[in-house]
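[1] Need the 3D shape of this:
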Amino acid sequence: MNKNLRKYFLSSILTLLLIQSFSAFASDLNSINEVLFAEKDLIASITLDKNSNYKKQMDQIKSLGFDVAGIDFKNKIVDLAINEFEISILEKNKFHYIVKWEERLTRGLSEEYKNPSEIEDILNQWVTDYPSMVTLIEIGKSFEGRTIFGVKITNPKSQATYKPNVLFNGMHHAREVMSPEAVLDIGEYLLTNQGDLQVSTWLNGMNVYLVPMVNVDGNNKVWNGSTMWRKNTNLTYGVDLNRNYPYQWGACNGSSGYASSQTYRGPSVASEVETQAMMKFVTKIRPVFDISFHSYSELIIYPLGCSGQKAKNGAMASVASLMSQEIMYQAGTPWELLYGVDGDDIDWMYTTLNVYPYVIELNNRKQGFQPDYKAWRDKTVKRIRPAWKILLNKTLSEKVYKGQLSYENIDSVSINVIKNNEVIETYKPHTDGRYNILLNSGTYTLKAVRGREILETKVIEIK
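    Numbering: from 1, shown residues only. Next comes the predicted model:
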């Protein structure tokens, strides 16, 4: 359908709908999208009232079902990916906005961005070029049967008796084509700079796991013309993989139960095979840190996602602050920076596996989801290198307190991390009894417990 005909079609439907009560359908935008699942080819930029509560304004936008493309947190500007019909919703709710045909959404992708086959080829080439350092991993299969690939990078000749794991993953959301580039850049950097003392220290002391593209089906759909596709391809409308994880699934209005929504959480907890594959993989490797790359907004996000909730262990926030200082991205929880989120991967990783995870939202509003590759790819990945380097350095530092318990039935044992007589984290040891606990400077008591029984107590000092 050409642009003029599409405009006429949408205008005709809008006229019919306006006969109904506007207030009745303005509160149920998702139901209308079941009928009008039109392409999101516009950007509406809304400047929020800086004198009003930021969170309440963001909650209002999300309650109407809009697709929040990104934000400028400093200037309180919110970008919405919309179609022409949704303009009426903005007007009804008295938003002050600027709408334009968004060139970033219609011009097509730079061909240098990667499709699933190209990701596979790159990872296989690494195995060929560095056979002792790189191991190819099949994380699982997608809904359409594509393989989700990853790699493990380490120095197998290292004398280390124990190597902690770190994970970097990209593209839970299909349209965010810069996110695999950030993951690939980590691999390229590590493999081509092995003579560097810092790199050799990392690879001697840890295993680095990379999963460049989680949502392989969605990305394939993007390359077939649906450049703003976000979800996977299951159930016709797709499921937002980053709202499908078990922790707080659908619990705090941080996702949608409508299949047409861009944040549709799926029909049940962890319903998607891609989610299941990532859960199984992350459970197996139990990384100390994780970064899940997304775009856009220049943010560093850490748990917890539901509004008003924060992790008692403030070490994650401290590390995020260090990364923020290095790359000049804004740091905070999802609900502080964007809106409340449930069913996301980083909350599940932290609360279930005691991984210390982050989301880094690459690029800003001017660059958008799909910036020109030649102009922005190298600038983007180079800018955020200091952030992931901080995590690799922290992994081997005393800020991650490392130990091992030797008890039978280790699955029934927990470690209560206590500071100032308060339990700030309950850590479940790995199956071999090992633990890696991220802590700020200070004095802590570690109590290994099984039910009400205290197995051992240790006081530690983190400098």
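
[2] what about the residue lying closest to Pro156 once chain neighbours are set aside, distance to Glu188?
    With Cβ to Cβ, 6 or more residues apart in numbering as the criterion, Pro156 has its nearest non-adjacent residue at 5.7 Å, and that residue is Ser132. In short, each C-beta sits where N, CA and C put it, glycine included. Distance of Ser132 to Glu188, computed by Cβ to Cβ, to the nearest Å: 17 Å.

[3] Between these two, point out the one with more neighbours.
    For Ser132 versus Glu188, neighbours defined as other Cβ atoms under 10 Å are more numerous around Glu188 (14 against 9).

[4] Helix or strand: which one has the more buried one?
    Here Glu188 is covered by helix 178-192, with elements defined by DSSP states H and E.

[5] And the helices in the stretch 301-450 of the chain?
    Applying DSSP state H, counting those that start in this stretch to the stretch 301-450 of the chain gives helices spanning 315-327, 334-337, 345-353, 373-396.

[6] SS state for the residue nearest to Pro156?
    Under DSSP: H, G, I helix; E, B strand; the rest coil, Ser132 falls in the coil class.

[7] roughly how far apart are it and Asp185?
    On the measure of Cβ to Cβ, Ser132 and Asp185 end up 22 Å apart.

[8] Redo the helices of the stretch 301-450 of the chain as CSV? Include mean neighbour count.
    Output for the helices of the stretch 301-450 of the chain, formatted as CSV (neighbours: other Cβ atoms under 10 Å):
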stretch, mean neighbour count
helix 315-327, 19
helix 334-337, 21
helix 345-353, 22
helix 373-396, 18
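
[9] got CSV for those, with mean pLDDT and distance to Lys366 too?
    As requested, the helices of the stretch 301-450 of the chain are exported to CSV (pLDDT from 0 to 100; distance: least, Cβ to Cβ, whole Å):
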stretch, mean pLDDT, distance to Lys366
helix 315-327, 98, 17
helix 334-337, 97, 18
helix 345-353, 98, 26
helix 373-396, 98, 10
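
[10] how about the ones you listed, which one is nearest Asn169?
    Asn169 lies closest, by Cβ to Cβ, to one member of these: helix 345-353, at 8.0 Å.

[11] Packing partners of that closest one?
    helix 273-285, strand 289-295, strand 356-362 (3 or more Cβ pairs under 8 Å, 6 or more residues apart in numbering; DSSP states H and E).

[12] Nearest to Asn169, out of the ones you listed?
    Closest of the helices and strands packed on helix 345-353 to Asn169 is strand 289-295, at 5.3 Å (criterion: Cβ to Cβ).

[13] How far does the closest one sit from its chain's centre?
    Using Cα atoms, centre = their mean, to the nearest Å, the mean C-alpha position of strand 289-295 is found 5 Å from that of the whole chain.

[14] Quick check: neighbours of that strand in the sheet, parallel or antiparallel?
    strand 165-170 (parallel), strand 356-362 (parallel) (DSSP bridges).

[15] can you redo the helices of the stretch 301-450 of the chain as TSV with distance to Val282?
    As requested, the helices of the stretch 301-450 of the chain are exported to TSV (distance: least, Cβ to Cβ, whole Å):
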stretch	distance to Val282
helix 315-327	17
helix 334-337	19
helix 345-353	6
helix 373-396	16
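
[16] Of these, give the one that comes closest to Pro116.
    Closest to Pro116 of the helices of the stretch 301-450 of the chain is helix 373-396 (Cβ to Cβ; 17.3 Å).

[17] Name the residues that touch that closest one?
    Under the contact criterion Cβ atoms under 8 Å, 6 or more residues apart in numbering, helix 373-396 has outside partners 110-113, 164, 166, 168, 178, 181-182, 185-186, 189, 198, 201-202, 205-206, 208, 288-289, 291, 300, 319, 322-323, 326-327, 329, 358, 360, 362-363, 367, 371, 400, 436, 438.

[18] Pull out the buried residues from the residues you listed.
    Buried members of the contacts of helix 373-396, counted by 16 or more other Cβ atoms under 10 Å: 113, 164, 166, 168, 178, 181-182, 185-186, 189, 202, 205-206, 208, 288-289, 291, 300, 319, 322-323, 326-327, 329, 358, 360, 362-363, 367, 371, 400, 436, 438.

[19] Buried residues of stretch 408-415, list them for me.
    Ile410, Val413, Ser414, Ile415.

[20] Spatially nearest residue to the first one (excluding sequence neighbours)?
    So the one you mean is Ile410. Closest residue to Ile410 apart from its sequence neighbours, by Cβ to Cβ, 6+ apart: Gly433 at 5.2 Å.

[21] Touching, that neighbour and Asn409? I think so.
    No: counting by Cβ atoms under 8 Å, Gly433 stays clear of Asn409, with 10.9 Å between them.

[22] hmm, back to that, which one, of the helices of the stretch 301-450 of the chain, ends up nearest to Gln309?
    Among these, the nearest to Gln309 by Cβ to Cβ is helix 334-337 (7.6 Å).

[23] Contacts for that closest one, please.
    Here helix 334-337 makes contact (Cβ under 8 Å, 6+ apart) with 55, 71, 73, 254, 297, 299, 301, 305-309, 330, 340-341, 344, 359.
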